[in-house]
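A.B. asks: coords please:
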Amino acid sequence: MTSKFRPVVHASVLLIPFLVEATSKPTVLVALVATTLVYVLSEALRLNGKQVPLITRFTLAMSRDNESLRFVVAPLYLALGVILSLLFFPKNIAYASMTITAVGDPMASWVGNRFGRMRVERKTLEGFAAGLLVSFATALLWVPPYLALMGSLAGMLLELLEFLDDNLTIPIGAGLAMLITSIL
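C.D. replies: Next up, the predicted model:
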């Protein structure tokens, strides 16, 4: 069972480009790294029977049923995907890759769970198509159509094929696809 609040965590990634523009990339990176370290520490404490009041409660509310007895890695992978995107991609590609992750992954999941019929392992082609469309449309805020298409296609293929954790692979894969396309 997936928490109904997980898409909110994904959507919060949409704030990152605006925070970078309002402050600076180094400021946001320091805040993201610090937050990630606090999260890792809180998970280590939780697994040793100690609770960090708000963080532990939030983590358990966001986790899937099968995750609560082990380290909940999805938020860590999402943070790493955002951090690595900011570090290694040009600004517009980093922003687009984060946007693809923030909207494409939850949309694919929502449509796939509700309307999906044509399965590819645990995912559905309907979810893939919905994630691709919404990712493409929102990536256009940051990059031209040909880059938005390549990034969205790469990101949603990684989501569909479940290679590693898609919270990490979508932003990195989408960003790499856009970067390579922009060079060619």
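A.B. asks: for this protein, which helix is longest?
C.D. replies: Counting by DSSP state H, the longest helix found in the chain is helix 25-47.
A.B. asks: Would you mind extracting the C-alpha trace of that helix into PDB?
C.D. replies: Provided in PDB are the C-alpha atoms of helix 25-47 (Å, rounded to 0.1, in the frame of the first residue of the first chain):
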ATOM      1  CA  LYS A  25      22.500  27.000  -5.900                       C
ATOM      2  CA  PRO A  26      25.200  26.600  -3.100                       C
ATOM      3  CA  THR A  27      22.600  27.700  -0.500                       C
ATOM      4  CA  VAL A  28      20.100  25.200  -1.700                       C
ATOM      5  CA  LEU A  29      22.700  22.400  -2.100                       C
ATOM      6  CA  VAL A  30      23.900  23.000   1.500                       C
ATOM      7  CA  ALA A  31      20.300  22.900   2.800                       C
ATOM      8  CA  LEU A  32      19.600  19.700   0.800                       C
ATOM      9  CA  VAL A  33      22.700  17.900   2.000                       C
ATOM     10  CA  ALA A  34      22.000  18.900   5.600                       C
ATOM     11  CA  THR A  35      18.400  17.800   5.400                       C
ATOM     12  CA  THR A  36      19.500  14.500   3.800                       C
ATOM     13  CA  LEU A  37      22.100  13.900   6.500                       C
ATOM     14  CA  VAL A  38      19.500  14.600   9.200                       C
ATOM     15  CA  TYR A  39      17.200  12.100   7.500                       C
ATOM     16  CA  VAL A  40      19.900   9.400   7.400                       C
ATOM     17  CA  LEU A  41      20.600  10.000  11.000                       C
ATOM     18  CA  SER A  42      16.900   9.800  12.000                       C
ATOM     19  CA  GLU A  43      16.500   6.600  10.100                       C
ATOM     20  CA  ALA A  44      19.600   5.100  11.800                       C
ATOM     21  CA  LEU A  45      18.100   6.100  15.200                       C
ATOM     22  CA  ARG A  46      14.700   4.700  14.200                       C
ATOM     23  CA  LEU A  47      16.200   1.400  13.300                       C
END
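A.B. asks: Please spell out which residues along it are buried.
C.D. replies: The neighbour-count check on helix 25-47 (16 or more other CB atoms under 10 Å) flags 28, 32, 36, 39, 42-43, 46 as buried. Placement of C-beta: from N, CA and C, glycine included.
A.B. asks: Could you list every helix and strand in contact with that helix?
C.D. replies: With contacts defined as 3 or more CB pairs under 8 Å, 6 or more residues apart in numbering; DSSP states H and E, the packing partners of helix 25-47 are helix 15-22, helix 53-62, helix 74-88.
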